[in-house]
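> Have a look at this prediction, sequence included:
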Amino acid sequence: MASTLTRTTRVPHTDKRPERCPHCGSTHVTRKGTRKKKIEIVQLWRCSSCHRVFTPTPAALRNKTYPLHVVLDAITLYDLGYSLEQTADKIKSRFGRRAGRSTIAGWLAEHRSLTTYARLRSEGRRLFPPTQAIRSIKLYHPQIYKYQYHRPKLAMLRQGREHARFAGVADFLERVPADCSHELFRASERASQKAAGFLDASRLIIVEMENTATRMAALVIPTVGDNRLRHEALQHFMLANDSTTLAIEVPIWLGPADIKALEQEHGISLLPPGSSAESITGHIDFLQVRNGAVHILDYKPGARADHPIAQLMIYALALTRLIPGLRLFDIKCAWFDQEEYCEFFPRTLLARRHDQAAA
């Protein structure tokens, strides 16, 4: 999210044409020049129905001296373990303008309900210094993925009683750089391209809700002007600031032996007939542990229309092969955007076929 504030910059979310006028709901809106603020330039819009001029701004961005991406960057630095003074110095270095300690403290208080890692920050600082809190590894599969995991969260996962049975998840995440079968990613079926033919859709129950993930997306996404960078910005913010996201861009892989074992266990066919591929690979956007379960999350802009059920199901099956002792019973899958979070239990989609295979 870094940029310079020494020159006035445009606010990216205000350039996007709003769907409706916030005052009367009309869809007839046109550009009406710009307004120069202390640090930013915002796009103005005029409603042809009620003739009012407005800026399409989420509540979290209203009446702010500093751009929200600077605020979020400061929160991330602090939650990584930097002191208020160190955070202020880094903001000055990155953006060319210093924010006082009391200002940063106010930002932290304002967003405390979302940045739940704050309650674990003191213990995290004791375990790892800020520069070592997140480990990042580039994976060439064949495009570049930046796999990252949060080291204090993994340590606390092992130490805590609530999720002690998921210590194997932490072991797996730490072993990924050494254990990942990188060669499989060069010629494999992508989990994101899998059709849902092997699933029993009649048993599918999707629970739709709004939760911390949707609210974080609504906060972060508008601060990023480049659509290609929004996904990454949300991943980094959630990894550093929520208490449950352990890792992002987690690679999964199923070799021939794994595929055969899963097909026999569940009575399914994972590879389509005639496929030349012998393996299946993919990358999990977010891996979380919370409320007694492992959660696999996929960020999908337009979540209402996009249903990556087969993709998430493959991820869940792969984790049961990659993490000793982990069962489908332990896993929940979900996809989300700024407005909607859609969750399902992967075990229910295979239950009938599993029963038939057992019979």
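Okay, I see it.

> All the helices of the protein, in order from the start?
Under the criterion DSSP state H, helices of the chain are mapped to 12-15, 68-80, 84-95, 101-110, 121-127, 151-159, 167-179, 212-220, 227-241, 256-266, 309-322, 346-358.

> Just send the ones you listed back as JSON lines, with mean pLDDT too.
JSON lines is the format used below for the helices of the chain (pLDDT from 0 to 100):
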{"stretch": "helix 12-15", "mean pLDDT": "66"}
{"stretch": "helix 68-80", "mean pLDDT": "95"}
{"stretch": "helix 84-95", "mean pLDDT": "94"}
{"stretch": "helix 101-110", "mean pLDDT": "95"}
{"stretch": "helix 121-127", "mean pLDDT": "97"}
{"stretch": "helix 151-159", "mean pLDDT": "97"}
{"stretch": "helix 167-179", "mean pLDDT": "96"}
{"stretch": "helix 212-220", "mean pLDDT": "93"}
{"stretch": "helix 227-241", "mean pLDDT": "94"}
{"stretch": "helix 256-266", "mean pLDDT": "92"}
{"stretch": "helix 309-322", "mean pLDDT": "95"}
{"stretch": "helix 346-358", "mean pLDDT": "64"}
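
> May I see those organised as JSON lines, with mean neighbour count and distance to residue 57 added?
The C-beta positions use only the backbone N, C-alpha and C, and glycine is treated the same way. Shown next, in JSON lines, are those (neighbours: other Cβ atoms under 10 Å; distance: least, Cβ to Cβ, whole Å):
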{"stretch": "helix 12-15", "mean neighbour count": "18", "distance to residue 57": "7"}
{"stretch": "helix 68-80", "mean neighbour count": "23", "distance to residue 57": "10"}
{"stretch": "helix 84-95", "mean neighbour count": "17", "distance to residue 57": "20"}
{"stretch": "helix 101-110", "mean neighbour count": "15", "distance to residue 57": "16"}
{"stretch": "helix 121-127", "mean neighbour count": "15", "distance to residue 57": "30"}
{"stretch": "helix 151-159", "mean neighbour count": "19", "distance to residue 57": "33"}
{"stretch": "helix 167-179", "mean neighbour count": "16", "distance to residue 57": "38"}
{"stretch": "helix 212-220", "mean neighbour count": "20", "distance to residue 57": "13"}
{"stretch": "helix 227-241", "mean neighbour count": "19", "distance to residue 57": "17"}
{"stretch": "helix 256-266", "mean neighbour count": "15", "distance to residue 57": "48"}
{"stretch": "helix 309-322", "mean neighbour count": "23", "distance to residue 57": "33"}
{"stretch": "helix 346-358", "mean neighbour count": "16", "distance to residue 57": "39"}
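
> Take these and lay them out in JSON lines including distance to residue 296.
Shown next, in JSON lines, are the helices of the chain (distance: least, Cβ to Cβ, whole Å):
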{"stretch": "helix 12-15", "distance to residue 296": "29"}
{"stretch": "helix 68-80", "distance to residue 296": "23"}
{"stretch": "helix 84-95", "distance to residue 296": "32"}
{"stretch": "helix 101-110", "distance to residue 296": "29"}
{"stretch": "helix 121-127", "distance to residue 296": "24"}
{"stretch": "helix 151-159", "distance to residue 296": "16"}
{"stretch": "helix 167-179", "distance to residue 296": "11"}
{"stretch": "helix 212-220", "distance to residue 296": "12"}
{"stretch": "helix 227-241", "distance to residue 296": "14"}
{"stretch": "helix 256-266", "distance to residue 296": "16"}
{"stretch": "helix 309-322", "distance to residue 296": "5"}
{"stretch": "helix 346-358", "distance to residue 296": "8"}
